[in-house]
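Novice: Build me a structure from this.
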Amino acid sequence: MAELAGAETQVALKHGRRYWWRAFVSVVAAALAADMVVAFALWCYADARYGRETLPAAAGPAAAVVFYNSTEPFQTQRFERAIALLREGKVDRLLFVGGYRVWRRTIGAETQAQRARALIGRDDVAAADDGSYDTLSNMAAICALRERTAPGRNLIMVSDALHLMRIWGDRDSLACLDGDGLGFAASALYSDAISMWIIANKDMAARLARFALGEERYRDLVQRWRYLPS
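Specialist: Here you go, the predicted structure:
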């Protein structure tokens, strides 16, 4: 009897483990499916709203502000979109921001600016900031870069649609220019579903962290993380 009871207990425990394992897998699968739906919807909304070109309402010459991204194909897509604006005569200057990595002794924005100068054959066609490393610091660097290299010009911000949606929400931080002097031009919509899902989740995580921590603590967190050697 004792052996039978022990066997029954072992069977019950095994069934219990299977139940909880299946329940866990089901919950994870449902959460992943929901996350994929949200990410896809976010991309669709961003592309519908910001995946087009909106030129500044104010008259006058304009410069393209290109937000550096080290990941391909985002880096190349943004660069090519900016070059297209230049060749179409919609801008006469390219201003690259971002990519500052102190521990790697590299500045992504400057690398892109050098590439643009070589491609166009003019030293004055492109400039870069030398210290921004994320969207918040990118935005903070724009006015000084504009004043130094493209004074008086309207600005057309160049990035992917999802990033532009976040940037556009912070446009009031550009004290040197009002809304009429701003526009945006999205690079191509990235078609790799997995990478789009990853980028969307990074965007959502950044938004949640910024909301939960507040502006000052979020800036401090990002700065300390960016400057941590890897």
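
Novice: tell me the helices in the protein, going along the chain?
Specialist: With DSSP state H as the criterion, the chain has helices at 2-50, 74-87, 108-120, 135-149, 161-169, 193-213, 215-226.

Novice: got JSON lines for these, with mean pLDDT and mean neighbour count too?
Specialist: Using the backbone N, CA and C atoms, a C-beta is placed for each residue, glycine as well. As requested, those are exported to JSON lines (pLDDT from 0 to 100; neighbours: other C-beta atoms under 10 Å):
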{"stretch": "helix 2-50", "mean pLDDT": "70", "mean neighbour count": "12"}
{"stretch": "helix 74-87", "mean pLDDT": "93", "mean neighbour count": "19"}
{"stretch": "helix 108-120", "mean pLDDT": "93", "mean neighbour count": "18"}
{"stretch": "helix 135-149", "mean pLDDT": "91", "mean neighbour count": "18"}
{"stretch": "helix 161-169", "mean pLDDT": "87", "mean neighbour count": "20"}
{"stretch": "helix 193-213", "mean pLDDT": "73", "mean neighbour count": "14"}
{"stretch": "helix 215-226", "mean pLDDT": "60", "mean neighbour count": "13"}
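
Novice: The ones you listed: which one's closest to Asp180?
Specialist: Among the helices of the chain, helix 161-169 comes nearest to Asp180, with 14.2 Å by C-beta to C-beta.

Novice: how close does Gly89 get to Ala62?
Specialist: 10 Å (C-beta to C-beta, to the nearest Å).

Novice: no no, Ala41
Specialist: 32 Å.

Novice: and if you look at Ile120?
Specialist: For Ile120, the distance to Ala62 - C-beta to C-beta - is 16 Å.

Novice: before we move on, what about Ala29?
Specialist: Ala29 is 48 Å from Ala62, by C-beta to C-beta.

Novice: again, but for Arg115
Specialist: For Arg115, the distance to Ala62 - C-beta to C-beta - is 21 Å.

Novice: And stretch 147-163, how far out from the chain middle?
Specialist: 15 Å (C-alpha atoms, centre = their mean, to the nearest Å).
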